[in-house]
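[1] This is the structure alone, sequence omitted:
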């Protein structure tokens, strides 16, 4: 497979968005949980630490996955990928 | 063509859902007319299993691609639903809410771990595996790391992790059948086996996929209905996921009142005294055992012939004597367990929403470490369990694979957002109506479930009033008894049983297919007889399915005790064995065969080593004694993967760099995975 400039660019962009989204995932999961006791002092719908574990983080996970799928599908089109629905 | 398929599917599943709802309403009507509960249980059991069998027969197939990957024609939304059912097992359906009830905030590790793993699936694995487009996870390892060594390690880890998991599902089926339909446990197990086999045997992945979509509908309706009705009763709102926050506030107030009541403190004090007495007795072994024996004997002899003591009391004393442990070793174990139970009851309970509670700074830090490591292991395990990854081979395109992970998590959230609400509503109900009421006048569900040993009450301070410390609930009771706690008709209980059955059967189907896929496709076809005909491959696969299923059912019928921690182990095993090799295989071209094989083995061994040494002190059948060790950094055995996964990554990197880079073809394969053609 001959790698062109376009290929390299496509992969770089993919790596960048993956890294950004993983960073968000990490903060939401591990940093927020580490400080759960402190977050519980704040009330947002429920105690914030509890809220993040029970609902907040879950909703963010789903948004991350939705965003990635949309971003990559757009990029596939932009880079002229023709992988049709009925491959 | 894809669009036509989608609209046809929508028609099928909408009418199916309609029929199911009509059945519920019909049974509710018949119950009012006096249909006995047992028949409602039968009706749900037979209707749902007939549906699964019908789908299995309709989707029977003799085509290899259809058998292993459903012909790669499953639209994203339906694959998402099937993945949801595949994913949510008996443990999610029955156990999760109860765990949240008992441990409050600490239980949220499961909620986050079992959902956040999908971010890793979506970003790091699913699209690349789909583009690779073979049949199993070991297929990928073999292609990427050239040769059968990586494939065999992959097969071994697949079978190990999935088998442990499938036994737990079949066990769950037996439990549900025996509780709700009144069948004998062993008969329930084999009935469940039949339910699993009708679809996976005839139609492989194709039949399993369409059955799982049907099972998803049943399990989610069954899960949400009772708690929504409870929510309407308590708050007036039909959306428990929103309304439980105000109830959580009320629970906090109730907790503060109840925890400090003098009667509560007294009851806890009594349990503490009992624990201390047991401890003294354990320390005085073996003399204390002989002493105990002679004491009871003296009491029996004294009362047997005094003519005043009723015979009943004497018999009770005699039974007590018979049940005394035979040897000092047994006594140590038995009294140790009793002491543990008493200590748990003697402890001041924690507030539901408190994070990392504990008396000392060390205890609080250990709680936090265990929370975070458990999340880590569950997430990595989710992203490495072969039966989930396999599902993303079944979509028509990479695009659909990405969308499909989104739909999977969305459908899974329907249950995971509801589980914390279950726990809070149940706690509210129990704290408000049960605690502080007269033991002689407790509601009927308490005695019904305590007959099954899932609820136990002991009036230790003999005041005739139920204190919180005197009530012990098995976590499974929360979901199973919520309909009764809320005073709903029996038809709802039947619905819950049908949902739990659907959750267990759908997961078992997916797992069995993964195990037989690894054995028949990877071992038999790819290694032993590559020239085997298509027809013969399916014959081998189906016979293996039968053998593995019967084997798993026999295992489950033994009622293995440590089954629940075994399920958590499956996540650590799969995570340590697969995750590093899969991710580096896609994102690091330099990773080679030697590195991958060494890394997978190292990760697996470190994980198993830690689990075994922390969990067990003796393994008699291997002749091992005194192998127990102190956990590192207080990490529990269920989170062993937290050591195995980093070791796996490290070994792959180091060994790869010390050995020659992979051949040109492998590097080209990685490029094909990364760039759409």
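    Ah, there it is. Remember, predicted model here, so these are calculated numbers, not experimental data. Residues are numbered from 1 along each chain as shown, chains lettered A, B, ... in the order given.
[2] now residue A:47: how far from residue B:361?
    Going from residue A:47 to residue B:361 by CB to CB, to the nearest Å gives 21 Å. In this view, the C-beta of every residue, glycine as well, is placed from N, C-alpha and C.
[3] More neighbours: these two, which one.
    Counted by other CB atoms under 10 Å in any protein chain shown, residue A:47 and residue B:361 do not tie: residue A:47 has more neighbours, with 27 against 8.
[4] And that one, its phi and psi?
    phi -60, psi 130 (degrees, to the nearest 10).
[5] who touches it in this structure?
    Contacts here follow CB atoms under 8 Å, 6 or more residues apart in numbering or on different chains; on that basis residue A:47 touches A:39, A:40, A:41, B:353.
[6] how does it look with 10 Å?
    Shown in contact with residue A:47 (CB atoms under 10 Å, 6 or more residues apart in numbering or on different chains): A:36-37, A:39-41, A:53-54, B:105, B:245, B:248-249, B:252, B:351-355.
[7] And for residue B:395?
    For residue B:395, the contacting residues are B:69-70, B:72-76, B:78-80, B:126-127, B:130, B:401-405, taking CB under 10 Å, 6+ apart as the criterion.
[8] and the helix or strand bottoming out on mean pLDDT in chain A, does that touch chain B?
    Using mean pLDDT, DSSP states H and E, strand A:43-44 stands out as the lowest-scoring helix or strand of chain A, at a mean of 84. Yes: Strand A:43-44 is in contact with chain B by CB under 10 Å from any CB of the partner chain, via A:43, A:44.
[9] Who does that strand pair with, and is each partner parallel or antiparallel?
    strand A:46-47 (antiparallel) (DSSP bridges).
[10] buried residues in the helix or strand following the partner strand?
    Sequence-wise, the next helix or strand downstream of strand A:46-47 (DSSP states H and E) is helix A:48-51. For helix A:48-51, the neighbour count (16 or more other CB atoms under 10 Å in any protein chain shown) marks A:48, A:49, A:50, A:51 as buried.
[11] swap in stretch B:552-561?
    Buried residues in stretch B:552-561, counted by 16+ other CB under 10 Å: B:552, B:553, B:555, B:556, B:557.
[12] How about stretch B:163-180?
    B:163-180.
[13] same for chain A: which of those residues are within range?
    When contact is defined as CB under 10 Å from any CB, these do not meet chain A at all.
[14] from the residues you listed, which ones fall inside helices?
    Among the buried residues of stretch B:163-180, the members falling in helices (DSSP state H) are B:163-180.
[15] which residues of chain A fall in helices?
    A:5-26, A:32-34, A:36-39, A:48-51, A:57-78.
[16] For chain B, tell me whether the fourth one is touching it.
    Read it as helix A:48-51. Yes: for helix A:48-51, a contact with chain B is found by CB under 10 Å from any CB, at A:49, A:50, A:51.
[17] my guess is the last one contacts residue B:241, does it?
    So that's residue A:51. No: between residue A:51 and residue B:241 there is no contact under CB atoms under 10 Å: 11.9 Å.
[18] which neighbours do the two share?
    With CB under 10 Å, 6+ apart, residue A:51 and residue B:241 have common neighbours residue B:420.
[19] returning to what we had before: and the helices of chain A as a markdown table, adding mean pLDDT?
    As requested, the helices of chain A are exported to a markdown table (pLDDT from 0 to 100):
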| stretch | mean pLDDT |
| --- | --- |
| helix A:5-26 | 92 |
| helix A:32-34 | 92 |
| helix A:36-39 | 88 |
| helix A:48-51 | 92 |
| helix A:57-78 | 93 |
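[20] Go through those helices and pick out the most buried.
    The highest mean neighbour count among those, using mean count of other CB atoms under 10 Å in any protein chain shown, belongs to helix A:48-51: a mean of 23.
[21] counting contacts, what elements does that helix pack onto?
    helix A:32-34, helix A:36-39, strand A:43-44, helix B:240-259 (3 or more CB pairs under 10 Å, 6 or more residues apart in numbering or on different chains; DSSP states H and E).
[22] Flag the shaky bits of the stretch 551-677 of chain B, pLDDT-wise.
    Along the stretch 551-677 of chain B, the model assigns pLDDT under 70 to residues B:559-565, B:617-627, B:677.
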